[in-house]
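Asks: coordinates for the following, if possible.
(one chain, ligands or ions: 1)
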Amino acid sequence: MEATQPELARTARGSWTFNRLLLTMAFFDLVLALLVSGGFSPAAFLLYGAFLIPGLVFLALLTWRPNPWFYLATGIAVGYLFIVFLPFIIGGLANPTSPYEFSGYVLGLVAVFWALPAGVLGFLQGRRGTAQLDARSGWRTRQGLYALGVAFVAIGAILTSAIAYNHAAGTQTGGGFDFQPSATVNVTAQNFVFNPATFTVRVQTITAIVVTNRDGVLHTFTYELNGQTYSHDLLPGTTAKFLVFFDVAGSILFWCIPHRSMGMTGTITVSPPSGSQTIGVNRQDTSSNWVLQISNVPAPHALTQTTFLMRWSANSTIVTPPGQASLETLKTASGGVQFIPVSGQSQTGLRVNDVIVVSKSLSYTAGMPITIIDGSSILWQGNL
Ligand SMILES: [Cu+2]
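Replies: The predicted structure follows:
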């Protein structure tokens, strides 16, 4: 847009060109940016306040005398701060849930996007002797639309940040329990059945229970302990993970609230503390396997017809139902877990020198608890 005659006349001191208006707005926007990014903390503003001095000085000089160089200097003085700290600011912009920092940085960038072009244009037009637009008609030029566009984008970004923050604040309270589980149990809820319906958690062991709901309906994982009900919602098609810690050994019934009457129940066996081992195990671990060699089998477990079970506390893909397998099943190589009776294939009980081998190349992890049981009595507990 061409400058009109009255605007040409207004090159004298005190005239408000559009560039000068933008530079002034950018300066106050920068003040606001520093206030907001510091969370309106006076201490933070005192810290940053010195960075405003160049902008303030050159803006005053520009007001005093519309020298082209003062345009350029003001543009740089207002924009430099957020350009210097750009890498830092980009990091802050990646986190819209921190609303003060995010909004402050957005405002700071608005100052850059307003001040630099206005400073450069004011400088070039002043040097060429081109008349500058006045403060009012400047809005209807491309530069004016650009300045408005920057403002609208910034408002949108700040609103987005506010929404993101509200969303994040609604779902996270900042609390929580910072415990590392030392064991994990995987359970599925599918076709209105928990699988496994019975699993073991070692007493006084922080254990993660990971329940995957494969049904299209809401289930719950609910149990009662010492008069207190604990319940975890299992949204359709999702996996819920929670930590349990049981003080005393015993059995804990769990169920799904909506489908308890359909038999959607199960039992957590809280096994007694280790130390009550009735068989001895010698570790013969190698670089590729965990090897449990039976070193001692006192009566009545030696050479009886009892069905032994080896029970994994965590899910295992090779045993049915997950978590349990008879020694007979494990006797041959099967998915990397083997029970190898040294003295023949027909064995039904544990013997000294029998070996349980677990391949380290499978999904088992070091520290995973392993329990060898005979019926309901625990023979040995340890970890991979
Ligand atoms: Cu259910």
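Asks: so, low pLDDT: which residues of the chain?
Replies: 1-14, 97, 168-175, 273-277, 298-351, 354-359, 361-378, 384 (pLDDT under 70).
Asks: SS state for the closest residue to Ser231 other than its chain neighbours?
Replies: Once flanking residues are discounted, Ser231 sits nearest to Thr222: 4.1 Å by Cβ to Cβ, 6 or more residues apart in numbering. Yep, even glycine has a C-beta here, placed from its N, CA and C like the rest. Taking DSSP: H, G, I helix; E, B strand; the rest coil as the rule, one finds Thr222 in the strand state.
Asks: kindly report the same for Met25.
Replies: Under the three-state scheme (three-state DSSP), Met25 adopts helix.
Asks: hmm, Leu30 is touching Gly55, no?
Replies: Yes: Leu30 lies in contact with Gly55 (Cβ atoms under 8 Å); the separation is 6.4 Å.
Asks: shared neighbours of those two, anything?
Replies: Val78 (Cβ atoms under 8 Å, 6 or more residues apart in numbering).
Asks: and Gln381, bridged to which residues?
Replies: Judged by DSSP bridges, the bridge partners of Gln381 are Thr371.
Asks: neighbours of it, how many?
Replies: 24 (other Cβ atoms under 10 Å).
Asks: now do it against Thr200, distance only.
Replies: To Thr200, Gln381 is 9 Å away according to Cβ to Cβ, to the nearest Å.
Asks: which element follows the host helix or strand of Asn166 toward the C-terminus?
Replies: Per DSSP states H and E, Asn166 falls inside helix 142-171. Later in the chain than helix 142-171, the nearest helix or strand by DSSP H and E is strand 183-190.
Asks: buried residues in that next one?
Replies: 183-189 (16 or more other Cβ atoms under 10 Å).
Asks: which residues touch stretch 206-215?
Replies: 179-192, 194, 201, 219, 221, 232, 234-245, 313.
Asks: stretch 234-245 now?
Replies: Stretch 234-245 is touched from outside by 177, 179, 181, 189, 201, 204-221, 232-233, 256, 268, with contacts defined as Cβ under 8 Å, 6+ apart.
Asks: ok, and of those, which contact the ion?
Replies: Taking Cβ under 5 Å from the ion as the test, the ion is in contact with 219, 256 out of the contacts of stretch 234-245.
Asks: tell me which of the contacts of stretch 234-245 fall in strands.
Replies: Filtering these for membership in strands, criterion DSSP state E, returns 189, 201, 207-213, 219-221, 232-233, 268.
Asks: ok, so of those residues, who is nearest Leu133?
Replies: Asp233 (61.6 Å; Cβ to Cβ).
Asks: can you pull the domain assignment for the chain?
Replies: Per the record, the chain has its domains at 5-170, 183-271, 280-383, by automatic domain parsing.
Asks: Trp114 is in contact with Ala147, correct?
Replies: Yes: taking contacts as Cβ under 8 Å, Ala147 lies within contact range of Trp114: 5.8 Å.
Asks: more crowded one of these two?
Replies: Remark: of Ala147 and Trp114, Trp114 carries more neighbours, 27 against 22, as counted by other Cβ under 10 Å.
Asks: show me the contacts for the more buried one.
Replies: Counting by Cβ under 8 Å, 6+ apart, Trp114 touches 22-23, 25-26, 29, 78, 147, 150.
Asks: which of these lies closest to Ala60?
Replies: Proximity of these to Ala60 (Cβ to Cβ) peaks at Leu23, which lies at 11.5 Å.
Asks: count of neighbours near that closest one?
Replies: Neighbour tally, Leu23, other Cβ under 10 Å: 29.
Asks: which ones are touching it?
Replies: Leu23 sits next to 59, 62, 71, 74-75, 78, 114-115, 118-119, 122 when contact means Cβ under 8 Å, 6+ apart.
Asks: give me the buried entries from the contacts of stretch 234-245.
Replies: Buried among those (16+ other Cβ under 10 Å): 181, 189, 201, 205-213, 215, 218-221, 256, 268.
Asks: tally of neighbours for Gly144?
Replies: Neighbours of Gly144 (other Cβ under 10 Å): 18.
Asks: in this structure it contacts Leu21, no?
Replies: No: assessed by Cβ under 8 Å, Gly144 is found out of contact with Leu21, at 9.9 Å.
Asks: name the residues contacting each of these two.
Replies: Common neighbours of Gly144 and Leu21, counting by Cβ under 8 Å, 6+ apart, are Gly138.
Asks: returning to what we had before: the residue nearest to Ser231 and Tyr230 touch, don't they?
Replies: Yes: using Cβ under 8 Å, Thr222 is in contact with Tyr230, at 6.9 Å.
Asks: what parts of the stretch 201-350 of the chain come near the ion?
Replies: With the criterion set to Cβ under 5 Å from the ion, the stretch 201-350 of the chain comes near the ion through 219, 256, 258-259, 264.
Asks: turn these into JSON lines, columns for distance to Asn289.
Replies: Shown next, in JSON lines, are those (distance: Cβ to Cβ, whole Å):
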{"residue": "His219", "distance to Asn289": "38"}
{"residue": "Cys256", "distance to Asn289": "39"}
{"residue": "Pro258", "distance to Asn289": "44"}
{"residue": "His259", "distance to Asn289": "41"}
{"residue": "Met264", "distance to Asn289": "38"}
